[in-house]
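1. sequence plus predicted model, see below.
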Amino acid sequence: MRRTRGKSMATVLLLLVLFFMLRSPASAVLDPVDFLALQSIRKSLSDLPGSDFFSQWDFTSDPCSFPGIFCSGEHVVALSLGDPPRAGTPGLTGHLDPAISRLSSLSELSLLPGRVIGRIPDSIALCSSLRFLALSGNFLSGPIPPSLASLRQLRTLDLSFNILSGEIPLSITSLPSLSNLVLSHNRFTGKIPPFPSFSSLLRLDIKNNNLSGELPSLPLSLRYLAASRNTLSGQIDGVIPQLTALTYLDLSTNILTGPIPATIFNLPLSSLQLQRNKLAGQVAPPADVRIPEVDLSYNRLSGAVSPFLAAVGRLYLNNNRFTGELPAKFAERLEAAGMEVLYLQHNFLNGMQMSPATEIPMTTSLCLQYNCMVPPVDAPCPLKAGRQKTRPVNQCPEWRV
């Protein structure tokens, strides 16, 4: 009796769907399965106070005219859930309904920032045409479904700013079309999985997680790598120099060790962020460094400061163990307003060829304090540099009598 009643209800619901579709010529093209899937999605989500995304989702009219829904022919091909990003938009709450998988022609799915909770449905992998999947800025939890590896056309996967956990599935790295993988600001653990040589990945953003271990083999196609604020260890000279297309590198706030390979300064980088690690040894670029921003602060780097670093626009070498006199090339660049930032505080430098009468351009931020010298010019330093202008005498061999 219950099975008969359930079948009857399903039949009535399907007839109602057909009825509403036939009432309007514009909505008559929508596939009934898509119509029912949209209704299930609507029931699983709701607007937070201050949001009105669902106010126009009235299923007595054509769903293809609803905000966030894009159709082609009789199917939904793109679904963007939530108000367009703007200041103060609170977003949606609820959970993602597995009914999304019944949108068989879906190629783009995005969930805008809100308070959606729960797991990512395994069934999303049934949307075999999916090319763009972005679910960032919510409270999604649990692991990445391994089933996503079946999305062979997926180009962008953005799951950032959630509370996802577990390891990054090895199968994800083998997606043949994946070019953007953004998993930052979650709770992922374990090692970064290696990427196959055929990978076409351009962007890998895994910062602010709990990932550990050494850097794995990475695709030569990579242009953007952000892996800061993890517990990555080991040396970088075996992996990074091979990434000759890299334009952005941020490995800051890890526990990386060993030297900085000289060839890293030949990469076409716009920013090099290696601060707050345990990198050691000398920094020896082979030629003038044309990277606009280089941050090597808070490491264990030592030796003389290379004159080739004077070509950098924003240079952070503070809180290391550099010694000797700063090359005259730095003074020349500072006087010519060629450097925006030069931070050298908290090292063991013993001199700089600069006249006390030199005026530092207003556009330049210079800090030289807490070295084995009296700063030749009076330039304001950041507050965290402290108030001491020079190191104690017993820390500077050149000053000992």
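-> Noted; the coordinates are in hand.

2. beta partners for the most centrally placed residue in the chain?
-> Within the chain, one residue has its C-alpha closest to the average C-alpha position: by C-alpha atoms, centre = their mean, that is residue 205, at 3.7 Å. When bridges are taken as DSSP bridges, the partners of residue 205 come out as residue 182, residue 226.

3. so who does it touch?
-> Residues in contact with residue 205 (C-beta atoms under 8 Å, 6 or more residues apart in numbering) are 160, 181, 182, 183, 184, 224, 226. Glycine gets a C-beta too; all of them are placed from N, C-alpha and C.

4. so the second one versus residue 216, what's the distance?
-> Just to be clear, that refers to residue 181. The span separating residue 181 from residue 216 equals 13 Å under the rule C-beta to C-beta, to the nearest Å.

5. ok, now the fifth one?
-> Remark: distance between residue 184 and residue 216 (C-beta to C-beta) = 17 Å.

6. more neighbours, those two?
-> Per other C-beta atoms under 10 Å, whichever of residue 184 and residue 216 has more neighbours is residue 184, with 21 against 12.

7. and the helices in the protein, which stretches?
-> 2-23, 32-44, 328-335 (DSSP state H).

8. what residues of the last one count as buried?
-> Burial within helix 328-335, assessed by neighbour count using 16 or more other C-beta atoms under 10 Å, is assigned to 329, 330, 331, 333, 334, 335.

9. stretch 72-88 now?
-> Within stretch 72-88, the residues scored as buried using 16+ other C-beta under 10 Å are 74, 75, 76, 77, 78, 79, 80, 81, 82, 83.

10. quick one: residues contacting the fourth one.
-> If a contact means C-beta under 8 Å, 6+ apart, then residue 77 has 70, 71, 105, 106, 107, 108 as its contacts.

11. one more time with 10 Å
-> With contact taken as C-beta atoms under 10 Å, 6 or more residues apart in numbering, residue 77 is in contact with 34, 69, 70, 71, 103, 105, 106, 107, 108, 129.

12. of all these, which comes closest to residue 175?
-> For residue 175, the nearest member of those is residue 129. The distance, counting by C-beta to C-beta, is 14.0 Å.

13. excluding chain neighbours, what is closest to that closest one?
-> Distances taken as C-beta to C-beta, 6 or more residues apart in numbering place residue 107 nearest to residue 129, at 4.9 Å, with adjacent residues excluded.
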